[in-house]
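>>> mind looking at a prediction? Sequence and model below.
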Amino acid sequence: MTTSDPNQRQLIREAMQAIATRKPGRSKLVYDKTKRTIVAVAEGAQIAQALNITADDADMFGVLTLSSEWIQEQWPALTRDGVVPLSFSSWDDGDALTQSELCVHASASVVYGELLLDAQPTQPQLVAIILEKTDGTTSDQGVFVSPDGATYRGRVQSAQPQGASKTDVVFADVEPQLALRRSSILETTILKNKTALCVGLGTGGAHVALELAKCGVGRFLLVDCDRLSVGNVVRHPGGISQVGRAKVNVVRDLIMEKNPKAHVEVRAIALDQDNRDAIANLVVVADIVICGTDNRQSKLLLNELCVAANAPALYGGAFRRAYGGQILRVRPKHSPCHQCFVATMPDEASDVEVSSETDAGEIAYSDRPVAVEPGLSLDVLPIANMLAKLALLELVADSSSTLNTLRGDFDAPWYLWLNRPEPGTQYADWPPLSESSDEMTIHRWYGIYFDRDDACPVCGDFVGSLAAHYGLDPAQLPSLEDGE
Amino acid sequence: MWSSEQRSRLAVEHQILQREGFSQFSVYHHSADDTYYASGVATSNSGSMYSLYMPIPSGFPTARPPLYITKPSPLLRADGSRISDSGVSHAMHTLSPHENGWVQICHWRDARWHAGIVLQKVFLKAHVWIEAYEQHLATGHSLADFVRTMADVA
Ligand SMILES: [Zn+2]
């Protein structure tokens, strides 16, 4: 039975190890269709009726990902001791091992290991990753560059039964790899130091925060007093495993998944008069304020604080059942503020989505409850996307960003979007998309002008204009009498 | 119950095996209970013979077919212990053994399997596994030393 050619056996061993280590050897494996078995032949030999055995055919395991930054931090200890302990989230039955330091959400299955430099594995039950010097290029994901400039590859040696055994080792250099993907379009260095204050983290507000994180915005202040409920999950970026958590914490973690270097501060407080000072303190450090709350009182409070702090703000909202939505951009003193908007267009300003019992309570009469009628995520996201883009434009306003060419296009203060021609609204008779090139239709953005109110009680001179109206001199008004 | 697409896919799989130099393997239909399986005898480079058995799952080709070594049985490690005793073993590249104690070769993990993989490729991997196994017997080294992996292209 074992008519083994010792030369063949040695060649097969070398060829298999060459495949395993991804180094060319002097022999390679082929499947000989005539002999119907595997044979080793000299590298470069051409065999009729043979299939080359590629790395793919011997591919049976997954990938192990290490944090380059973490290894750099550990480098003094690693060069001194030869070993540093580490752990991994194990995904898909061990198909992917991701170093815990890279994980915002860890897997339920954790595998322990050790990283070795010029040292032997200490404990057989650990996944041992051995760093070996290489002359690989630094752009290769499989190559780690040490603080002293040497290049290394990782090799997994032993393994515990449930861990990966022969596994590709990849080094995740998170920040440079993410920046590279954004850099052609965005000034990542500018955005990294910008602060977005996001107040209200429902479906729309959470989506805006995440889009800004993907663009590279580096600092977030999150304000929301709600917890994620089961009913939220159909719309909110947070999923079923996050139910019960404060939305500020859910969104913080989602931001960290997209931008691991972000600085995120959270305040699980309501946007109301009780927290006025706390929120005012956040507004003064924000480069952009994004308001995703649904009730007028909270928007007007934030408006007041933003105008006082001269902070640009964006107010987004969906109409009832998200048949459409609107965005108001406020550049204090330069464009209408939310108070101007409410005074100028009371109907538009009051058509809000009722997406929670709290919202319903805000506008319900005690004898006539208002139904909770949230729209689809699908109908909220166009508005959130637009809002994120407008926010980005504000953040790069003082730079020479290519995005700045858009500033001339997005010149209106108020933006309107309709998802459907809702019966009973002024939009009910809008023509179908196919029939209209001039008339207004659904699924288009409309930028709409209206004037700032010089007599606005928030951003204008309300008192002065009243005084003028009554022929009074504000500086010469008589003092008020003492009350009883 | 098999769809006509499944039945013709299995017929084609058999033809590929015959035409691509894998005629030691065939796809069979067991008409008594209307089940399908593929089987045959693989011969290693050193001349050892291994009987392979692949029951076709009802979800094939979306579902991954398991591949068992039915002979030699039990299949032993270099140290003489049974491979099947360790169940799922990454060091040996095996999945849960058959209830009869047959070793299941890890050819594709469920996470990587897709309907575009033909049985010929599965049997080719079985041949690779057998060569790695014989190297393990000769050297005592883990199979992992002889079988490489590939990362997903990011
Ligand atoms: Zn105003």
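Yep, it's here.

>>> just how off-centre is stretch A:244-255 within its chain?
Chain-centre distance of stretch A:244-255: 12 Å, with CA atoms, centre = their mean, to the nearest Å.

>>> check stretch A:99-116 too.
Distance, centroid of stretch A:99-116 to centroid of chain: 22 Å (CA atoms, centre = their mean).

>>> what about that stretch, how long is it end to end?
Length of stretch A:99-116, first residue to last, CA to CA, to the nearest Å: 15 Å.

>>> quick one: that stretch near chain B?
No - Stretch A:99-116 lies out of reach of chain B by CB under 8 Å from any CB of the partner chain, never closer than 11.0 Å. Heads up, the C-betas are built off the backbone N, CA and C, glycines and all.

>>> and for stretch A:127-141?
Yes - shown here: stretch A:127-141 in contact with chain B (CB under 8 Å from any CB) through A:Q141.

>>> pull the longest helix from the chain.
Going with chain A. Counting residues, the longest helix in chain A under DSSP state H turns out to be helix A:377-395.

>>> my bad, chain B
Assigned via DSSP H, chain B shows its longest helix as helix B:119-139.

>>> ok, A:V104 touching A:E257?
Yes - under the criterion of CB atoms under 8 Å, A:V104 makes contact with A:E257 at 4.8 Å.

>>> stretch A:411-427 and the ion in contact?
No - applying CB under 5 Å from the ion, one finds stretch A:411-427 separated from the ion by no less than 10.5 Å.

>>> ok now that stretch, how far from the chain's centre?
Using CA atoms, centre = their mean, the offset of stretch A:411-427 from its chain centre is 28 Å.

>>> just to revisit the earlier point, who does the longest helix of chain B touch, helix- and strand-wise?
In this structure, helix B:119-139 makes packing contacts with helix A:6-21, strand A:27-32, strand A:37-42, helix B:4-19, strand B:25-30, strand B:35-43, strand B:49-55, strand B:103-105, judged by 3 or more CB pairs under 8 Å, 6 or more residues apart in numbering or on different chains; DSSP states H and E.

>>> of all those, which lies closest to the ion?
Nearest to the ion, of all those, is helix B:4-19, at 66.1 Å by CB to the ion.

>>> which residues does the closest one contact?
Contacts to helix B:4-19, defined as CB atoms under 8 Å, 6 or more residues apart in numbering or on different chains, come from residues B:22-23, B:25-27, B:29, B:36, B:38, B:56, B:60-61, B:118-120, B:123.

>>> swap in stretch B:25-41?
Stretch B:25-41 has contacts (CB under 8 Å, 6+ apart) with B:1-2, B:10-11, B:13-14, B:17-18, B:22, B:24, B:42, B:49-56, B:60, B:65, B:119, B:123.

>>> name the residues of the longest helix of chain B that come out as buried.
B:119-136 (16 or more other CB atoms under 10 Å in any protein chain shown).

>>> can you show me the strands along the stretch 151-300 of chain A?
A:151-156, A:168-172, A:195-199, A:219-223, A:263-267, A:288-291 (DSSP state E, counting those that start in this stretch).

>>> so which of those strands gets nearest chain B?
Ranking those by their distance to chain B (criterion: CB to the nearest CB) puts strand A:168-172 first, at 4.0 Å.

>>> what pairs with that closest one, and is each one parallel or antiparallel?
strand A:63-67 (parallel) (DSSP bridges).

>>> and whichever helix or strand comes after the strand it pairs with, what other elements does it pack with?
Sequence order places helix A:68-81 as the next helix or strand after strand A:63-67, per DSSP states H and E. In terms of contacts (3+ CB pairs under 8 Å, 6+ apart), helix A:68-81 is packed against strand A:83-91, strand A:110-117, strand A:143-145, strand A:168-172, helix A:174-182.

>>> find me the pLDDT at the nearest residue to B:G21 once chain neighbours are set aside, would you?
Of all residues not flanking B:G21 in the chain, A:K33 sits nearest, at 2.5 Å (CB to CB, 6 or more residues apart in numbering or on different chains). On pLDDT, A:K33 comes in at 91.

>>> residues contacting A:K33?
Contacts of A:K33 by CB under 8 Å, 6+ apart are A:49-51, B:20-22.

>>> got a quick ChimeraX command for the buried subset of those residues?
Selection of buried members from the contacts of A:K33 for ChimeraX, criterion 16+ other CB under 10 Å:
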select /A:50,51 /B:20,21,22
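
>>> where does the residue lying closest to A:Y449 once chain neighbours are set aside sit: helix, strand or coil?
Distances taken as CB to CB, 6+ apart place A:A412 nearest to A:Y449, at 5.4 Å, with adjacent residues excluded. Classification of A:A412 using DSSP: H, G, I helix; E, B strand; the rest coil returns coil.
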